[in-house]
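1. Quick one, what's the 3D model for this:
(one chain, ligands or ions: 2)
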Amino acid sequence: MKNKNIILGIETSCDDTAAAVLKDGCKVLSNIVATQAELHADFGGIVPEVASRRHIELINLVIAQALKRANLDFKDLQAVGVTCGPGLIGSLLIGLASAKSISYSLNIPLIGVNHVISHIYANFIENPDIKRPFISLVASGGHTSIYILKENDEFEILGSTLDDAAGEVLDKIARFLKLGYPGGPAIEEISIKGNANTYKLPRPMLEKGLDFSFSGLKTAVIYMVRKDKSLLSKEKLPDLAASFQKAIIDVLVKKTLRAALRYEVLTIVLAGGVSSNSYLRSEMKKIAKFRGINVIYPSKEYCTDNAAMVACLAFNKLKKGQISKLDIDAYSQIYM
Ligand code: KG4
Ligand code: ZN
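-> Numbers count the residues shown, from 1 in each chain. Ligands and ions are numbered 1, 2, ... in the order given. Just a heads-up that it's a prediction; the model follows:
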């Protein structure tokens, strides 16, 4: 007799090999993430071919570890959820092949999920009762978008980046400033010692709509440093990093608030790797509070890529009967 509501989640969209076991959609029995950050650090960013080869080496070990931590066996699983996209095709295919094999051999449902939406669902792990409608900012290495999740659980994309994602710009500038990879946490750490009001940097499209554009800000920082190399000194670098981080976060916060006001919603939900940033969290809360808007975000372990969020969304889809066929494919770009 199978345990009820036990779901295995698998996530391999980028450079983390992750598996998690959840009960009832929000009780995390295990959450294993094997990060490849060190492997890619020398390159200053992710090398897709290296990432997929590493997923192959890790995937079975990570799934076995997730089951062991949960004190369960394959036969206890009711369903398997897996990220289908968007992401790196080679990486996605490894997770997808594993999930299909498990589904086929155990004769349990396979549920393909959208990675970006699963980032939003990470919030339901610790706050299963979040009231819809809400506005969600998803800011990660690959995506920066604002969504509305409606009362009927449908979602709509309200705005997106026209060029680089917020995390991507943080990673690129951190590499340029030789601060290491991933860039977001490195910039956050050095910014603590800096004064964010020291350098005037552009806030692209701040006053316009709900779309984002960060490439102009990236270029501005690069030009500034090329003109004045002393900005890389131990004394000035924290001020530059803090000013840069503030420029990005000002834009994220202002646009998310604009969406909440425009759609008259009282809850903002932060998601994706960048939402682990303490400055983003506190600024969003501070500004939203003035308007009586509540701000929710996941614990840091559920902000960056993980499989608990995949199992959480898969559980929701299973309840609605949204089961995938065995021939589902991986996809690199966003589609719903
Ligand atoms: O969600 P995620 O793990 O992967 C993607 O789906 O892309 O996000 C990774 C991104 C990276 O760009 C990383 O630099 C950024 O999230 N990040 C942060 C922080 N932690 C991770 N950005 C700002 N502050 C942080 N503390
Ligand atoms: Zn992600």
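2. and Tyr147, how far is that from ligand 2?
-> 14 Å (Cβ to the ion, to the nearest Å). Yep, even glycine has a C-beta here, placed from its N, CA and C like the rest.
3. out of everything not next to it in sequence, what's closest to the residue nearest the centre of the chain?
-> Compute the mean C-alpha point of the chain, and by Cα atoms, centre = their mean the closest residue is Gly272, 2.5 Å away. Residue nearest to Gly272 in three dimensions, not counting chain neighbours: Ser140, with 3.5 Å by Cβ to Cβ, 6 or more residues apart in numbering.
4. same check, this time on Asp211
-> Distances taken as Cβ to Cβ, 6+ apart place Gly159 nearest to Asp211, at 4.6 Å, with adjacent residues excluded.
5. I'd like to know how far that neighbour sits from Thr144.
-> The spacing between Gly159 and Thr144, counted by Cβ to Cβ, to the nearest Å, is 9 Å.
6. Same drill for these two, tell me which one is more crowded.
-> For Gly159 and Thr144, the more surrounded residue by other Cβ atoms under 10 Å is Thr144, and the numbers stand at 30 against 19.
7. returning to that earlier point: mind telling me what element the residue nearest to Asp211 is part of?
-> Remark: Gly159 resides in strand 155-160, with elements defined by DSSP states H and E.
8. Name the strands paired with that strand and say parallel or antiparallel.
-> Using DSSP bridges, the neighbouring strands of strand 155-160 in the sheet come out as strand 144-149 (antiparallel).
9. counting contacts, what elements does the lowest-mean-pLDDT helix or strand in the chain pack onto?
-> None of the helices or strands of the chain scores lower by mean pLDDT, DSSP states H and E than helix 37-41, at a mean of 80. The elements that helix 37-41 packs onto, with contact taken as 3 or more Cβ pairs under 8 Å, 6 or more residues apart in numbering; DSSP states H and E, are helix 48-69.
10. How many residues are close by Lys200?
-> Neighbouring residues of Lys200 were enumerated by other Cβ under 10 Å; the total is 10.
11. Assign a three-state SS to the spatially closest residue to it that is not a sequence neighbour, would you?
-> Closest residue in space to Lys200, ignoring its immediate chain neighbours: Ser243 at 7.7 Å, by Cβ to Cβ, 6+ apart. Classification of Ser243 by DSSP: H, G, I helix; E, B strand; the rest coil places it in helix.
12. From Asn197, how far off is Ser243?
-> Between Ser243 and Asn197 the computed distance is 7 Å (Cβ to Cβ).
13. Can you tell me the element whichever residue of the stretch 201-336 of the chain sits closest to ligand 2 falls in?
-> Residue nearest to ligand 2 within the stretch 201-336 of the chain: Asp305 (4.4 Å; Cβ to the ion). Counting by DSSP H and E, there is no helix or strand that carries Asp305.
14. next one: Ala34
-> Using DSSP H and E, Ala34 falls within strand 27-35.
15. List the strands paired with that strand, with their directions.
-> Based on DSSP bridges, the strands next to strand 27-35 in the sheet, each with its direction, are strand 16-23 (antiparallel).
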